[in-house]
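1. Sequence and predicted model, in that order:
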Amino acid sequence: MEQTHTNQQPRKELFKEKVVTKSRTYFFDVKEALNGSKYLVINEAKKVGDKNEYSRIMVFEDHIPAFTEGFKKVYNFLKEAEKVEA
């Protein structure tokens, strides 16, 4: 699937994953920029009253290793905290 933006040139969507939780929905999209580089877009949608709120973060291909390392540290911390509370 391709998206058209303000410059009217299509951007390729390479991969999509949707994660639905009780109160939020997350969308993980890997896209290809016009120059051929890849990037990750993480969108969050949540219902607030009768409206939806959206948040977005973009992680560029060259930042993925550092982003992943940071995410792993956070995940491991939360898993360890869960064990202590149990």
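-> Sure thing, it's come through. Since the structure is predicted, the reported quantities are computational estimates derived from the model, not experimental observations.
2. Every contact and neighbour count from this point should use C-alpha atoms.
-> OK.
3. Which parts of the protein are strands?
-> Taking DSSP state E as the criterion, the chain carries its strands at 2-4, 10-20, 24-32, 38-48, 51-60.
4. Packed most tightly, which of these would that be?
-> When you average the neighbours per residue for each of the strands of the chain (mean count of other Cα atoms under 10 Å), strand 24-32 leads with a mean of 18.
5. Between strand 38-48 and that one, find me the angle.
-> Inter-element angle recorded for strand 24-32 and strand 38-48: 160 degrees (by axes from the mean of the first three to the mean of the last three Cα atoms, to 10 degrees).
6. same for strand 24-32, what does it pack against?
-> Contacts of strand 24-32 with other secondary structure elements, assessed using 3 or more Cα pairs under 8 Å, 6 or more residues apart in numbering; DSSP states H and E, are made with strand 10-20, strand 38-48.
7. now the strands of the chain in CSV, with mean pLDDT?
-> Supplementary listing: those in CSV, determined by pLDDT from 0 to 100:
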stretch, mean pLDDT
strand 2-4, 55
strand 10-20, 92
strand 24-32, 97
strand 38-48, 96
strand 51-60, 96
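8. Could you dump those strands into CSV with distance to residue 69 added?
-> Supplementary listing: the strands of the chain in CSV, determined by distance: least, Cα to Cα, whole Å:
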stretch, distance to residue 69
strand 2-4, 30
strand 10-20, 20
strand 24-32, 17
strand 38-48, 15
strand 51-60, 13
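9. which one of those lies closest to residue 68?
-> Evaluated with Cα to Cα, the strands of the chain place strand 51-60 nearest to residue 68, the distance being 10.1 Å.
10. Check which strands are paired with that closest one and give the direction for each one.
-> Using DSSP bridges, the strands paired with strand 51-60 are strand 38-48 (antiparallel).
11. Quick one: residues in contact with the partner strand.
-> Outside of strand 38-48, the residues within contact range by Cα atoms under 8 Å, 6 or more residues apart in numbering are 23-33, 52-61.
12. quick one: that strand to strand 10-20, angle?
-> Going by the same axes, to 10 degrees, strand 38-48 is angled at 50 degrees with respect to strand 10-20.
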